[in-house]
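Asker: heads up, no residue letters with this:
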């Protein structure tokens, strides 16, 4: 048996679909263009903080080169023997970390720091 939907049911289902699409589109619009930033430290000392919204190449001392392109940061080159830092996943607005142990370089992603609220406490799953 095939049940034919009544006019009120079709209107209700259509309204739910339109509302869902509007919410999805609104969230995409709000998050568009929001990029976080990265903080680079060398031997525990802050080297600099850079926005992921601007494409640039960052020379870290004479040992490493980090590139920010299309909202993602990755290690472009390094003079360390194993080059593991160059094989690590790039950092984007969701965060992440790249570590070069021989050169003591750490690149940490800060989530959506362009949103203006940088004093958000981080959640510690241990406590």
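Answerer: Done, it's in. Please read all numbers here as calculations on a predicted model, not as lab measurements.
Asker: what helix or strand is the closest residue to residue 58 other than its chain neighbours located in?
Answerer: Nearest residue to residue 58, sequence neighbours excluded (CB to CB, 6 or more residues apart in numbering): residue 66, at 4.5 Å. Bear in mind the C-beta positions are built from the backbone N, C-alpha and C, glycine included. Element membership for residue 66, per DSSP states H and E: strand 64-69.
Asker: try residue 99
Answerer: If you go by DSSP H and E, residue 99 is part of strand 96-100.
Asker: which helix is the longest one in the chain?
Answerer: Counting residues, the longest helix found in the chain (DSSP state H) is helix 7-31.
Asker: thinking again about what came up before, what's near enough to touch the residue nearest to residue 58?
Answerer: By CB atoms under 8 Å, 6 or more residues apart in numbering, the contact list for residue 66 reads 38, 40, 57-58, 60, 73-76, 98, 107.
Asker: do the same with residue 13
Answerer: residue 5 are the contacts of residue 13 under CB under 8 Å, 6+ apart.
Asker: what's stretch 97-111 in contact with?
Answerer: 36-44, 47, 49, 52, 60-61, 63-64, 66, 73-75, 78-82, 84-85, 88, 90-96, 118.
Asker: low pLDDT regions in this structure?
Answerer: 1-2, 28-35, 111-127 (pLDDT under 70).
Asker: specify the beta-bridge partners of residue 97.
Answerer: Residue 97 has these beta-bridge partners by DSSP bridges: residue 108.
Asker: tell me how far it lies from residue 41.
Answerer: Note on residue 97: its distance to residue 41, by CB to CB, to the nearest Å, is 11 Å.
Asker: the more surrounded of those two?
Answerer: The neighbour comparison of residue 97 against residue 41 (other CB atoms under 10 Å) goes to residue 41, with 15 against 12.
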